[in-house]
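# pasting the sequence and the predicted coordinates here, then a few questions.
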Amino acid sequence: MKVARFYAPGDIRIEDTPEPVAGPDELKIKVHNCSTCGTDLKIFRHGHHHIDPPRVIGHEIAGSIVDVGSDVDGWTAGDRVQVIAAIPCGDCPDCRRGRLTICPNQKSMGYHYDGAFAEYMIVPRAVLKVDGVNRIADSLSYAEASVAEPLACVLNGQELARVGAGDVVVVIGAGPIGCLHVRLARARGAEAVYLVELSRGRLAMAAALVKPDAAICSADVDPVDEVLRLTDGRGVDVVITAAAAGKAQEDGLRMAARRGRISFFGGLPKDNPVIACDANLVHYRELTIVGANGSSPAHNKQALALVAAGAVPVDDLITHRMPLAGVLDAIHTVSTGEAIKVTIEP
C-alpha cells in the first residue's frame, strides 16, 4: 500500500509498504479521507517534538473497518468510522476529573502512532480504551466526517469561552478553524458573528461561505476600531483568536466588552510566545482569558452529531480534494491560503 511518511523537516515521502495487520486489541481501517490542517504544514516545515521519524502522519481520520481484533467488541467489518486524533490516557488525575483535553500523558494519531495519510491504518488499543472510534451517520460522507476532528477542537474552545445565546462574537482568522468557529457560534445561538482576517483574498473566500455579519480586513482598517464601531463602543462578548499571531491576542483584549471572554485558541510560535497584556483591562473590565487545547473523545462524538444534524455544515468548506500521491501538493496549497479545507482521498 501507499503511505506518506515524514522523515525530517522538508522530507515527506510517498512510499510503498506492506499493509498493517491488526493485533487482538486493535482495528484495521481502510482510509477514505484524511483532511489536512495547519499542523501538517508545521510538521512538514519544522517537525514536531512528539514525532520520532519515520512516521506516517495525518490525523483527521475517516474510513471503514476491514478487520477487527479478536479481543475487540462492538465493531464489525464494513462499519463506517471517524477516529479521534488526541488520545488521553484515561487514568491520570486530570482524566479522572473529566479534563481529558489536558491529559499530561496524551498521545496522538500521526505523532505517536502512524496516521491516516495511508491506504490502510491501525487504530490502536489506546484509542479504543477511551471510546475514540465513532460511527459515521449514513447521511454523512467520509470527507465530512473527517472534519469532525477540527470541529471537535472548535467545540472545546467555545465551551470553555461559554459562547451562547445572545452573544456578539469576533473570530480572528479566516482559515478552516475560523470558518468552523463562525458556524458553531451561530449554532450555539450567537446574536452576531464578525470575522477578522489580514488577507483580503482569504477573507473574501471565507466570508462568501460562512457569511459573517461583518467581514473585517485588518489590512484595510484597524480591527479594534471597527469592532468598537460596530458595537457602539461596547465591544464584543467573546473574542476567539483562530490565528497564530500575538497581535490577534493583543487586539482581542481591546475588543472585549466588560465581562468579555477571550479564547486564545490559536497557539503562538514557540520562539515568540509572549504578548503585551494590559492587565488593567483584564482587572477593571473583569475579562476572562481562556486557553483551548485540542478536544476530548466526547467532543468528537458531539461534532459528528452537529454535522449530521446540519447544525454545522462542513461539506462546502472542503474546497480541494487530492489523492494520497498529492500530499505534498495539499500541504503546499494549505501554505498558500488558497483553500479552506483540503482533504486527502487515498
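Now that the structure is in, tell me what you want to look at.

# residues contacting residue 41?
Under the criterion of CB atoms under 8 Å, 6 or more residues apart in numbering, the neighbours of residue 41 are 331, 334, 335. Every residue, glycine included, has its C-beta placed from N, CA and C.

# tell me if it really is in a helix.
Yes. Checked against DSSP: H, G, I helix; E, B strand; the rest coil, residue 41 lies within a helix.

# so for the protein, the centremost residue is which one?
For the chain, the residue nearest the mean C-alpha position is residue 150 (2.5 Å; CA atoms, centre = their mean).

# can you lay out the contacts of residue 41 as JSON lines showing distance to residue 46 and secondary structure?
Conversion of these to JSON lines gives the following (distance: CB to CB, whole Å; DSSP: H, G, I helix; E, B strand; the rest coil):
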{"residue": "331", "distance to residue 46": "13", "secondary structure": "helix"}
{"residue": "334", "distance to residue 46": "14", "secondary structure": "helix"}
{"residue": "335", "distance to residue 46": "13", "secondary structure": "helix"}
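
# from these, list just the buried residues.
Buried by 16 or more other CB atoms under 10 Å: 331, 334, out of these.

# export the helix or strand bottoming out on mean pLDDT in the chain as PDB, just CAs?
The helix or strand of the chain with the poorest confidence is helix 38-46; it has a mean of 91 (mean pLDDT, DSSP states H and E). Taking C-alpha atoms only, helix 38-46 is exported to PDB below (Å, rounded to 0.1, in the frame of the first residue of the first chain):
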ATOM      1  CA  GLY A  38      -2.100  23.800   9.500                       C
ATOM      2  CA  THR A  39      -0.400  21.400  11.900                       C
ATOM      3  CA  ASP A  40       0.600  19.200   9.000                       C
ATOM      4  CA  LEU A  41       2.200  22.200   7.400                       C
ATOM      5  CA  LYS A  42       4.100  22.900  10.700                       C
ATOM      6  CA  ILE A  43       5.300  19.300  10.800                       C
ATOM      7  CA  PHE A  44       6.500  19.500   7.200                       C
ATOM      8  CA  ARG A  45       8.400  22.700   7.900                       C
ATOM      9  CA  HIS A  46       9.700  22.100  11.400                       C
END
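
# chain center to it, what's the gap?
14 Å (CA atoms, centre = their mean, to the nearest Å).

# what do you get for stretch 10-18?
Between the centre of stretch 10-18 and the centre of its host chain there is 25 Å, according to CA atoms, centre = their mean.

# can you mark which positions in that stretch are buried?
Taking 16+ other CB under 10 Å as the basis for neighbour counts, the residues of stretch 10-18 that come out buried are residue 12.

# what average pLDDT does it get?
The average pLDDT for stretch 10-18 rounds to 96.

# again with stretch 59-78
The model assigns stretch 59-78 a mean pLDDT of 97.

# immediately after the least confident helix or strand of the chain, which helix or strand?
Proceeding C-terminally, helix 38-46 gives way to strand 55-56 as the next helix or strand, assigned by DSSP states H and E.

# what sits up against that next one?
The contact list for strand 55-56, computed with CB under 8 Å, 6+ apart, reads 3, 4, 5, 6, 110, 111, 114, 115, 116, 117, 118, 121.

# buried ones in the helix or strand hosting the fourth one?
It stands for residue 6. When elements are assigned from DSSP H and E, residue 6 belongs to strand 2-8. Of the residues in strand 2-8, those buried by neighbour count under the rule 16+ other CB under 10 Å are 2, 3, 4, 5, 6.
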